[in-house]
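*Asks:* have a look at this fold, sequence not included:
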Ligand SMILES: Nc1ncnc2c1ncn2[C@@H]1O[C@H](COP(=O)(O)OP(=O)(O)OP(=O)(O)O)[C@@H](O)[C@H]1O
């Protein structure tokens with residue numbers, strides 16, 4: 001090989017001229033770019049036009065540092081006098097390249113630099129698509145694991161109340177579009193369930209629904225959580241960088257829960273993404289474009305936050321395109337029984353026997369205000385299902401914090417300062433709570449209460465707590 005190379009050299013070099021040199025350079029498949037010490041482009045081969053889509057005549061004589069505002073590797077080489085190899089991003093053309101650059105010397109003085117590179121944008125994009133898909137797969141795996149551990153899962157949205165139905169009809173209409181949805185309602189009212197329902201009835205249903213709890217993420221992490229970060233963006237950053245929730249949600253839906261808890265600084269960044277559907281990763285310069293549908297939810301009064309200057313008005317208008325307001329449970333008590341039945345059916349299946357509510361419990365449920373809404377109802381019923389050893393859930397099976405109120409209503413005592421009655425009520429509450437805490441294990445409950453077996457069983461009988 002070296003002999004042949006030498007033979008070619010010796011036979012061709014005598015006839016060597018510029019034309020021949022250019023022909024060789026033009027037949028190279030990679031881009032060859034030469035700049036002088038001022039970064040003026042003095043030569044670009046034909047591959048330049050083919051690969052970068054820009055005619056050579058258009059760039060010859062132009063200064064690279066005016067075209068490429070961020071530092072290109074070849075310019076660094078010019079400044080450092082050191083060769084360089086590897087990947088680079090050409091911001092002006094939005095392409096990724098790989099190759100090598102080296103300086104040209106005249107004696108010891110750098111008089112220019114050469115860069116030989118190929119366009120690897122397709123490979124980089126495929127790789128980032130792969131990373132994204134992997135990120136989505138990891139996220140869904142994590143979600144699936146959490147879902148499997150949830151005590152309840154619902155396929156249907158339970159509710160017949162007329163105001164709720166209006167909201168659901170509107171939700172079904174908006175689900176078919178790509179409009180931004182803002183779900184408003186108190187804590188535990190079913191905002192997340194509704195967000196899922198909207199996503200699942202949209203054309204994006206086979207793509208990911210990515211949830212971000214804006215209140216749960218510390219302020220200093222939220223930007224990287226939403227937009228991701230590049231390798232080495234900050235101390236403690238994961239090697240290779242990390243995809244943000246917006247990238248994970250590409251082609252799907254992002255659910256921004258507790259949006260009212262987002263800081264003003266982050267609100268500004270979010271507004272840009274909502275308007276332009278593009279952002280940069282933390283520590284990155286490349287602009288990433290995403291195709292996402294946004295669903296936001298909050299239990300806060302955004303209008304009064306705007307008045308106080310804690311929520312941006314422009315962001316509010318961006319989000320509030322189709323507001324879906326969920327009525328609190330106390331204002332839709334007609335759904336109480338259907339919801340209770342859904343939860344009881346689930347617990348009955350888990351416990352292996354059918355559970356029902358006593359008339360007193362039904363009355364109490366109708367009177368109670370349900371500040372924690374559906375989540376509270378679900379928790380109350382879960383607690384009661386465990387505590388009640390029989391089929392019927394009685395008042396004393398409800399969590400202790402509800403019982404004083406229920407007892408007061410049930411007995412509507414005429415002697416509010418009757419010591420005996422107050423002591424009895426407190427005793428009963430303590431026993432029910434101890435049983436609940438120890439999973440109905442009576443020995444453990446009585447040890448915790450510090451009373452004898454006999455006294456314990458006496459009290460169970462006296463207070464009508466199930467004995468079987
Ligand atoms: N219509 C419904 N049918 C059945 N279960 C529901 C319904 N709405 C809510 N739930 C259940 O109630 C609980 C609370 O619902 P969800 O998490 O959607 O409320 P939220 O309004 O998003 O609460 P938060 O504001 O605290 O985030 C969940 O366990 C959910 O499964």
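*Replies:* Right, received. Where do you want to start? For clarity, every value in this text was computed on a predicted model and none was experimentally measured.
*Asks:* spell out which parts of the stretch 351-468 of the chain neighbour the ligand.
*Replies:* Contacts of the stretch 351-468 of the chain with the ligand, taken as C-beta under 6 Å from any ligand atom, map to 374, 375, 378. The C-beta positions use only the backbone N, C-alpha and C, and glycine is treated the same way.
*Asks:* what is the burial count for the first one?
*Replies:* Looking back up the chat, that one is residue 374. Neighbour count of residue 374, defined by other C-beta atoms under 10 Å: 24.
*Asks:* which stretch of helix or strand covers it?
*Replies:* Per DSSP states H and E, residue 374 falls inside helix 373-387.
*Asks:* next, the residue in the chain that the ligand sits nearest to: phi, psi?
*Replies:* Proximity of the chain to the ligand (C-beta to the nearest ligand atom) peaks at residue 190, 2.6 Å away. Main-chain dihedrals, residue 190, degrees, to the nearest 10: phi 110, psi 30.
*Asks:* which residues touch it?
*Replies:* Residue 190 makes contacts with 157, 326, 373, 374, as judged by C-beta atoms under 8 Å, 6 or more residues apart in numbering.
*Asks:* now, of those residues, which are buried?
*Replies:* The neighbour count (16 or more other C-beta atoms under 10 Å) marks 326, 373, 374 as buried among the contacts of residue 190.
*Asks:* for residue 116, list each beta-bridge partner.
*Replies:* Beta-bridge partners of residue 116, counted by DSSP bridges, are residue 32, residue 100.
*Asks:* show me what from the stretch 151-300 of the chain comes close to the ligand.
*Replies:* 152, 154, 157-159, 185, 187-193, 257, 299.
*Asks:* thinking again about what came up before, buried set for the helix holding residue 374?
*Replies:* Of the residues in helix 373-387, 373-378, 380-387 count as buried by neighbour count, 16+ other C-beta under 10 Å.
*Asks:* over to the residue nearest to residue 34 when sequence neighbours are not counted. Which of the three states is it?
*Replies:* Spatial nearest neighbour of residue 34, chain neighbours left out: residue 43 (4.0 Å); criterion: C-beta to C-beta, 6 or more residues apart in numbering. Put simply, residue 43 is strand when judged by DSSP: H, G, I helix; E, B strand; the rest coil.
*Asks:* next one: residue 43 from residue 116, what distance?
*Replies:* Distance of residue 43 to residue 116, computed by C-beta to C-beta, to the nearest Å: 12 Å.
*Asks:* spit out the residues that contact those two alike.
*Replies:* Taking C-beta under 8 Å, 6+ apart as the criterion, residue 43 and residue 116 both touch 32, 33.
*Asks:* can you give me the neighbour number for residue 257?
*Replies:* The burial count assigned to residue 257 is 20, neighbours taken as other C-beta under 10 Å.
*Asks:* phi, psi of it?
*Replies:* Torsion angles at residue 257 (phi, psi; degrees, to the nearest 10) stand at phi -80, psi 150.
*Asks:* same question, the one 5 residues further on
*Replies:* Backbone torsions for residue 262, taken as degrees, to the nearest 10, come to phi -80, psi 140.
*Asks:* next one: residue 325
*Replies:* Main-chain torsions, residue 325, degrees, to the nearest 10: phi -100, psi 130.
*Asks:* and it, bridged to which residues?
*Replies:* Counting by DSSP bridges, residue 325 is bridged to residue 184.
*Asks:* thought it was touching residue 185?
*Replies:* Yes: the pair residue 325 / residue 185 is scored as a contact, 6.3 Å apart, by C-beta atoms under 8 Å.
*Asks:* these two: which is more packed in?
*Replies:* Each of residue 325 and residue 185 has its neighbours counted (other C-beta under 10 Å); residue 185 has more, 19 against 14.
*Asks:* show me what contacts the more buried one?
*Replies:* For residue 185, the contact set (C-beta under 8 Å, 6+ apart) comprises 191, 297, 299, 325, 326, 327, 328.
*Asks:* and what of residue 80?
*Replies:* Residue 80 makes contact with no residue, according to C-beta under 8 Å, 6+ apart.
*Asks:* same thing with residue 387?
*Replies:* Going by C-beta under 8 Å, 6+ apart, residue 387 touches 397, 432, 435, 436, 440.
*Asks:* so what are the domain limits for this protein?
*Replies:* What the TED database lists as the domains of the chain is 18-122, 150-325, 329-397, 419-463.
*Asks:* give me the distance between the second one and the centre of its chain.
*Replies:* To tie it back to what came earlier, the one meant is domain 150-325. From the chain centre to the centre of domain 150-325 is a distance of 7 Å (C-alpha atoms, centre = their mean, to the nearest Å).
*Asks:* again, but for the shortest one
*Replies:* With C-alpha atoms, centre = their mean as the basis, the distance from the averaged C-alpha position of domain 419-463 to the chain average is 45 Å.
*Asks:* contacts for the helix or strand that contains residue 297?
*Replies:* Using DSSP H and E, residue 297 sits within strand 293-298. Residues from elsewhere that reach strand 293-298 (C-beta under 8 Å, 6+ apart): 178-185, 191-192, 195, 198-199, 202, 204, 252-261, 274, 319.
*Asks:* what helices or strands is the host helix or strand of residue 423 leaning on?
*Replies:* Using DSSP H and E, residue 423 sits within helix 419-437. Where contact means 3 or more C-beta pairs under 8 Å, 6 or more residues apart in numbering; DSSP states H and E, helix 419-437 is packed against helix 373-387, helix 403-411, helix 442-449, helix 453-462.
*Asks:* redo those helices as TSV? Include mean pLDDT.
*Replies:* Shown next, in TSV, are the helices and strands packed on helix 419-437 (pLDDT from 0 to 100):
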stretch	mean pLDDT
helix 373-387	92
helix 403-411	50
helix 442-449	84
helix 453-462	85
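*Asks:* how about CSV for the ones you listed, with distance to residue 21 added?
*Replies:* Putting these into CSV (distance: least, C-beta to C-beta, whole Å) gives the following:
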stretch, distance to residue 21
helix 373-387, 76
helix 403-411, 94
helix 442-449, 91
helix 453-462, 102
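*Asks:* out of these, nearest to residue 168?
*Replies:* Closest to residue 168 of the helices and strands packed on helix 419-437 is helix 373-387 (C-beta to C-beta; 14.4 Å).
*Asks:* the closest one vs helix 419-437, what angle?
*Replies:* For helix 373-387 and helix 419-437, the angle between their directions (axes from the mean of the first three to the mean of the last three C-alpha atoms, to 10 degrees) works out to 90 degrees.
*Asks:* so residue 203, which of the three states?
*Replies:* Residue 203, by the three-state scheme (three-state DSSP), is coil.
*Asks:* ok, it touching residue 177?
*Replies:* No: contact status for residue 203 versus residue 177: not in contact, 9.4 Å apart, counting by C-beta under 8 Å.
*Asks:* where does the prediction get shaky in the stretch 51-200 of the chain?
*Replies:* 69-71, 143-156 (pLDDT under 70).
*Asks:* that one: helices as residue ranges?
*Replies:* 56-59, 64-67, 73-80, 121-149, 162-175, 191-200 (DSSP state H, counting those that start in this stretch).
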